[in-house]
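**Q** Model the following, please.
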Amino acid sequence: MVVNQVRAALLACADTSIQLIRTPRLRELWEKPSVLEHWSVSGLTGHLARAFTTIEEYLDTPEPTGAPIGPAAYYAAALDNSDLHSDLHNTIRRRGDEMAAQGLDSLIAHQEGLTARLRSRFAEEPADRKVGVFKGLVLLLDDYLITRIVELCTHIDDLAVSVGEPTPEMPPEALDLTIGALVDLGRHRHGDLAVLRALVRRERDDVNALRVL
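**A** Okay, the predicted model is just below:
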C-alpha cells in the first residue's frame, strides 16, 4: 500500500521535529524556560515528541467500533483552552516533562525508532482504519494524524522560537492540513460568520474566532 498524503505529511513533520531536537542550541537551553508560559524547553521538547508517540500506542490497541468524528470535533471535545491551570493542562505538561526525563539523547533515539516503525506501519494500515483515542473518542487513523500534524507544526515553531533557531521549513501539505483543521475548529466553535469576520473584518471579531488552541 502506498503511504497517502496525510501519512507522508506526518512522517515529514516527524523528521523535521527530530532535526530540530538535534540542534546544539536546544541542548544548551534544555533546562531554560520556553516561550510558552509554564513550559521549559525540555518539557516542550517532550510534549513535541509525544505528539506522535500516541499514534503507535493507539494503533496497538484493538480497533474501536464506534462512528468516527473529524479533527475539529476531536479538538472541541478533547481540549479546554480556557484555563492553563486546569487538570488537563497540568497533565499535559507533566507528561511532557516525563517524556523529557529520559534525557535528550534517549529521546532522540526513541523518536527516530518510532518514526521508522510508523513509516512501515502506515504502508500497511487500510484507509478505513479507526483508532480509539483520548476520552474514548473514535477517529479514522488519517483524521487523527491530522491532529498530530497540527501539534507538530505548532510546537516545531514554538520550540524553534524558544531556542532562537529559525523555524524549519515545514511541508506545504502539512501546513495546508494544519490551517484547514484549525479554521474548521474555529467554524465548529464559533460559526461561519464569526470566522468570516475574523478573516476580513477584525474590528467585528468580538470572539477571537481564529484563536482556537
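**Q** switch to C-alpha atoms for all contacts and neighbour counts from now on
**A** OK.
**Q** List the buried residues of stretch 160-171.
**A** The neighbour-count check on stretch 160-171 (16 or more other CA atoms under 10 Å) flags Ala160, Ser162, Val163, Met170 as buried.
**Q** for these, which one is nearest His190?
**A** Met170 (28.2 Å; CA to CA).
**Q** In three-state terms, label that closest one for me.
**A** State at Met170, reduced to three classes by DSSP: H, G, I helix; E, B strand; the rest coil: coil.
**Q** quick one, what contacts it?
**A** Residues in contact with Met170, defined by CA atoms under 8 Å, 6 or more residues apart in numbering, are Ala12, Cys13, Thr16, Cys153.
**Q** Just read off the phi/psi values of the residue positioned nearest the centre of the chain.
**A** Nearest to the mean C-alpha position of the chain, counting by CA atoms, centre = their mean, stands Glu151 at 1.7 Å. Dihedral pair for Glu151: phi -60, psi -40, per degrees, to the nearest 10.
**Q** Quick check: it touching Arg50?
**A** No: using CA atoms under 8 Å, Glu151 is not in contact with Arg50, being 9.5 Å away.
**Q** follow-up on the earlier one: from the contacts of Met170, which ones fall inside helices?
**A** Counted as lying in helices by DSSP state H, out of these, are Ala12, Cys13, Thr16, Cys153.
**Q** circling back to that earlier point, and which of the buried residues of stretch 160-171 is nearest to Thr61?
**A** Distances from Thr61 to the buried residues of stretch 160-171, taken by CA to CA, are shortest for Met170, at 30.2 Å.
**Q** So the closest one versus Leu177, what's the distance?
**A** In this view, Met170 and Leu177 are 12 Å apart by CA to CA, to the nearest Å.
**Q** cool, and Asp60?
**A** Using CA to CA, Asp60 is found at 25 Å from Leu177.
**Q** Excluding chain neighbours, what is closest to His155?
**A** Leaving aside its chain neighbours, His155 sits nearest to Leu48 (6.0 Å; criterion: CA to CA, 6 or more residues apart in numbering).
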